[in-house]
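S.K.: Mind folding the following:
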Amino acid sequence: MNAYVQQNQPPGVPPLELTGERTLPDVPAENYWYRRHLAVYEWIAARVAGARVLDMACGEGYGSAVLARSAARVVGVDGNPEAHEHARLKYTRPGLAFEWGAVESYGEPESFDAVVFLQTVEHLITPAAALRHFHSLLRPGGVAYISTPNVLTLAPPGAAKSDNPWHLREYRAEEFTALCESVFGQVQMLGLFHGRKLRVHEVALRLGWDRVHAALRVTKPFYGWFTPAISARDFALRSGPLDRALDFVALCRA
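M.R.: You can find the predicted model right below:
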């Protein structure tokens, strides 16, 4: 089986291929990125208990399913027909629905307590327009959870962006904060960082681990074990220092 196609899907659920546009579960080589995104979904899920939630640009649907464990109602929306059909067939539980729609137009005013929009704002031509739409969808007191990668830790040093062809713009902390504050009255910015064994690995790399595993010829067996062993608990959300964050997570209130 292709290493970049989902494995072991339920009967009748077509597997998705990893293209770089979205992350996927059930692709062993993608586990780091999947767990990195999952950590944020799980953090949000703990804060939307009993709420009506819109998971915009939900992709494969795994995040919507996580949110539905605690939320009263979750609607996962994506504009990609293959991803939408996959999510609709794979994740079936009470209180969870998937709909096809566009980021800038789906939904009715004041119909959700929370809007979740993770790792997608960097794909948009007009991000402020999308954020204004999310603002309109929130009920009074609602929160939009919006995340994006930190260009300083994703792109090569000095580069304007990474080589991801799906990303139109990648943000520094102050740039992403300014974007969110141009629409929302109150913005709290958090960063996602390595924790636990990923923090240990990060320190080891600084001390020369890349040279050691190459010299010992253990690269393939080590990372064949290490990458699948990464879990969402190996990431941590905190207030800073944001310049060193992997991703930014903005909590946006009207």
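S.K.: Show the low-confidence segments of the stretch 1-150 of the chain, by residue range.
M.R.: Along the stretch 1-150 of the chain, segments meeting pLDDT under 70 span 1.
S.K.: and with 80 instead?
M.R.: Applying pLDDT under 80 to the stretch 1-150 of the chain flags residues 1-3.
S.K.: What ranges does it have for its helices?
M.R.: 31-45, 62-67, 81-90, 127-137 (DSSP state H, counting those that start in this stretch).
S.K.: Would you mind finding the most buried of the ones you listed?
M.R.: Among those, helix 62-67 has the highest mean neighbour count (mean count of other CB atoms under 10 Å), at a mean of 24. Yep, even glycine has a C-beta here, placed from its N, CA and C like the rest.
S.K.: Can you list the neighbours in contact with it?
M.R.: Helix 62-67 is contacted by residues 25, 34, 37-38, 41-42, 44-45, 48, 53, 55, 58, 74-76, 87, 91, 93, 96, 98, 116, 118 when judged by CB atoms under 8 Å, 6 or more residues apart in numbering.
S.K.: for G95, what are its contacts?
M.R.: A68, A71, A72, R73, V74.
S.K.: Provide the partner residues of the nearest residue to E99 once chain neighbours are set aside in its beta bridges.
M.R.: Closest residue to E99 apart from its sequence neighbours, by CB to CB, 6 or more residues apart in numbering: V77 at 5.3 Å. Taking DSSP bridges as the rule, V77 bridges to M56, E99.
S.K.: Number of residues surrounding V77?
M.R.: When neighbours are counted by other CB atoms under 10 Å, V77 registers 21.
S.K.: so who does it touch?
M.R.: Contacts of V77 by CB under 8 Å, 6+ apart are L54, D55, M56, A57, C58, F98, E99, W100, G101, V103, Y106, G107.
S.K.: go again using 6 Å as the cut-off
M.R.: M56, E99, G101, Y106 (CB atoms under 6 Å, 6 or more residues apart in numbering).
S.K.: So what's the residue count around the second one?
M.R.: Neighbour count of E99, defined by other CB under 10 Å: 15.
S.K.: Also the third one?
M.R.: Neighbour count for G101, taken as other CB under 10 Å: 17.
S.K.: With T120 as the reference, measure out to the residue nearest to it when sequence neighbours are not counted.
M.R.: Excluding the flanking residues, the one nearest G101 by CB to CB, 6+ apart is V77, at 4.6 Å. Per CB to CB, to the nearest Å, V77 is found 11 Å from T120.
S.K.: what's the answer for Y34, then?
M.R.: Between Y34 and T120 the distance is 16 Å, computed by CB to CB.
S.K.: G50 contacts A71, doesn't it?
M.R.: No. At 7.0 Å, G50 does not count as touching A71 under the criterion of CB atoms under 6 Å.
S.K.: And those two? Which one has more around it.
M.R.: Taking other CB under 10 Å, G50 and A71 do not tie; A71 has more neighbours (25 against 9).
S.K.: ok, back up a step: figure out which of the helices of the stretch 1-150 of the chain is closest to P156.
M.R.: Comparison of those against P156 by CB to CB identifies helix 31-45 as nearest, at 18.0 Å.
S.K.: That closest one packs against which elements?
M.R.: helix 62-67, helix 219-229, strand 235-238 (3 or more CB pairs under 6 Å, 6 or more residues apart in numbering; DSSP states H and E).
S.K.: Format the ones you listed as CSV; extra columns: distance to T126.
M.R.: Shown next, in CSV, are the helices and strands packed on helix 31-45 (distance: least, CB to CB, whole Å):
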stretch, distance to T126
helix 62-67, 24
helix 219-229, 36
strand 235-238, 28
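S.K.: got the contact list for L18?
M.R.: Y4, L24, V27, E30.
S.K.: Relative to Q7, how far out is it?
M.R.: For L18, the distance to Q7 - CB to CB - is 11 Å.
S.K.: all helices of the stretch 151-254 of the chain, in order?
M.R.: Under DSSP H, counting those that start in this stretch, the stretch 151-254 of the chain gives helices at 151-154, 173-181, 196-206, 209-216, 219-229.
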